[in-house]
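Asks: Give me coordinates for this.
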Amino acid sequence: MKKTHLLGIALVVASATVSAQSDRNVRVVNEGGIRDAWTLAPGQKLAAPGYPAAYVQRGDNVCLAVGYRVQPDGSTSDFTTLHAWTSSAGGVEPEVGYYDAFGQAAVAALSEWKFTPKQGVGKPQPVDTVATITFMSQKSAMDSQTLRSHCAVKDLADAIERAREKVSEEKSMNHKALERKMVDQSRSERVRTPR
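Replies: Numbering: from 1, shown residues only. Got it, this is the predicted structure:
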């Protein structure tokens with residue numbers, strides 16, 4: 001592998017480490033806790049996700065606790081599912097891709113949310129928080145509060161940190177796999193290239 005490739009990988013790893021460290025300085029507030037500094041942008045409503053069409057026939061009631069960041073410009077980003085529950089299987093995913101479908105619907109709605117700083121707030125600062133998103137079955141809807149309670153996050157800061165660690169581990173594994181692939185390609189090119 002060329003030195004420039006190793007340097008590039010080292011820079012990516014270093015920048016990811018700096019990003020993770022700076023994330024720790026972002027304020028974390030429980031659901032609804034952004035009200036002290038943020039309000040909905042003028043003309044905005046909190047978009048609600050639609051029930052994923054692929055799972056309508058199952059008739060499950062589903063909730064997701066989705067962590068997200070309110071950026072200084074009022075946009076939302078850094079979405080991560082912190083907890084998921086379904087009436088058919090509890091916290092266990094009934095089939096591969098099930099929670100992903102609900103997560104994608106939730107993130108599509110959350111990404112439309114736009115906030116503005118409240119009057120009197122100086123320079124807006126990013127904040128991490130959570131939204132509990134529910135998907136009610138048309139077949140057998142349950143009480144909204146009961147459904148939401150299945151996705152309550154008791155220690156939001158800890159849940160966000162665990163989610164970041166998991167993402168970091170997955171990125172590290174992907175980095176290592178990419179690095180192995182590049183080394184293997186380099187070796188196979190040397191074998192094929194006559195000297």
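
Asks: For the residue nearest to D73 when sequence neighbours are not counted, what are phi and psi?
Replies: If you skip the residues right next to it in sequence, D73 has P124 as its closest partner in space, 7.7 Å away by C-beta to C-beta, 6 or more residues apart in numbering. Where you see a C-beta, it was placed from the backbone N, CA and C, and this is true even at glycine. Phi and psi for P124, reported as degrees, to the nearest 10, are phi -60, psi 140.

Asks: for P124, what are its contacts?
Replies: 37-38, 72-74, 117 (C-beta atoms under 8 Å, 6 or more residues apart in numbering).

Asks: Now do V62 against Q185, distance only.
Replies: Shown here: V62 relative to Q185, a distance of 43 Å by C-beta to C-beta, to the nearest Å.

Asks: now the strands for the chain?
Replies: Listed in chain order, the strands of the chain (DSSP state E) span 27-28, 38-40, 62-70, 76-86, 115-117, 127-135.

Asks: among those, which is the most enclosed?
Replies: strand 62-70 (a mean of 24; mean count of other C-beta atoms under 10 Å).

Asks: Just give me how far that one sits from the chain centre.
Replies: For strand 62-70, the distance from its own C-alpha centre to the chain's C-alpha centre is 7 Å (C-alpha atoms, centre = their mean, to the nearest Å).

Asks: List the neighbouring strands of it plus their orientation.
Replies: Strand pairing for strand 62-70, determined by DSSP bridges: strand 76-86 (antiparallel), strand 127-135 (antiparallel).

Asks: Would you mind putting those strands into TSV with mean pLDDT alongside?
Replies: Below are these laid out as TSV (pLDDT from 0 to 100):
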stretch	mean pLDDT
strand 76-86	95
strand 127-135	97
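
Asks: Please convert the ones you listed to TSV, extending it with distance to V29.
Replies: Written out in TSV, the entries for the strands paired with strand 62-70 read as follows (distance: least, C-beta to C-beta, whole Å):
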stretch	distance to V29
strand 76-86	14
strand 127-135	5
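
Asks: nearest to A105, of these?
Replies: With C-beta to C-beta as the criterion, A105 lies closest to strand 127-135 of the strands paired with strand 62-70, at 7.5 Å.
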